[in-house]
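Visitor: fold the following for me, if possible:
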Amino acid sequence: MPPLMRVTAFTGGGFAENGYLVVCAESDAAVAVDPGAASDRMVEAITLEGVRLEAVLLTHAHLDHVEGVHRIRAVSDAPIYLHPADRGMYDALGEQAAMFGLRVDPQPPPDRTLAHGQRIVFGGCAFDVRHAPGHAPGHVIFVAESERLALVGDVVFQGSIGRTDLPGGDFYTLMASIREQVLTLPDDTRLYTGHGPPTTVGDERVGNPFLVPHYGGRLV
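Guide: Predicted structure coming up:
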């Protein structure tokens, strides 16, 4: 049976951030996830493919994951979703940019909040929201268990984990999030990450150097 969701990555900027356009194959419904520096190309894809954007989903509010939200809003009035624990960070994008010697365009405010256990439906497809703090207080991941895929932002990467030295980060909280929200998914679940190539739960469970010493992500 062909997959219901088609996931396309758009990578760009100095942080090489991955934004995603997820299209429900049985309809023209779609969601944009973490539109960053490459959001101009995401906008082109939305326009050329003629998809109906139903939501802009933000895994968290770090600068590189939200700097292109305004470009999406320019072509769609789809509601912007963000966990409330990251709203303060979102509202302080100028200060975030200044930490790296950068400037950022003003972004439209989020319209709706995300919560653990919430379901985002678009067309005949859906994502379940899992709160996974540690990299950022309001970090969430978007899981489609039936499709064996998850968009995990900066929680875990191929062979690595999210940094915890930024404001609101905490290593032990992040490890608990990986253990409880990521490693509980089936091993063949494909993980679309905020930076770098996609991976799978099984590959990270046995090959990620941050997790292997404590199999399953459990700290000793």
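
Visitor: please report phi then psi for residue 160.
Guide: phi -160, psi -180 (degrees, to the nearest 10).

Visitor: again with the one 5 residues further on
Guide: The phi and psi values for residue 165, taken as degrees, to the nearest 10, are phi -100, psi 0.

Visitor: pull out the buried positions in the worst-scoring helix or strand of the chain on mean pLDDT.
Guide: Every helix and strand of the chain was ranked by mean pLDDT, DSSP states H and E. The lowest is helix 93-99, at a mean of 90. Buried residues in helix 93-99, defined by neighbour count with 16 or more other CB atoms under 10 Å: 93, 96, 97. For every residue, glycine as well, the C-beta is placed using N, CA and C.

Visitor: same question for stretch 177-191.
Guide: 177, 178, 179, 181, 182, 183, 185, 189, 190, 191.

Visitor: returning to what we had before: distance from the least confident helix or strand of the chain to the middle of the chain?
Guide: 20 Å (CA atoms, centre = their mean, to the nearest Å).

Visitor: returning to what we had before: sort out for me which of the buried residues of stretch 177-191 are in helices.
Guide: residue 177 (DSSP state H).

Visitor: now render the buried residues of stretch 177-191 as a markdown table, adding distance to residue 143 and pLDDT.
Guide: Listed next are the buried residues of stretch 177-191 as a markdown table, based on distance: CB to CB, whole Å; pLDDT from 0 to 100:
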| residue | distance to residue 143 | pLDDT |
| --- | --- | --- |
| 177 | 13 | 97 |
| 178 | 14 | 96 |
| 179 | 15 | 93 |
| 181 | 8 | 97 |
| 182 | 9 | 97 |
| 183 | 13 | 94 |
| 185 | 7 | 97 |
| 189 | 8 | 98 |
| 190 | 11 | 98 |
| 191 | 10 | 98 |
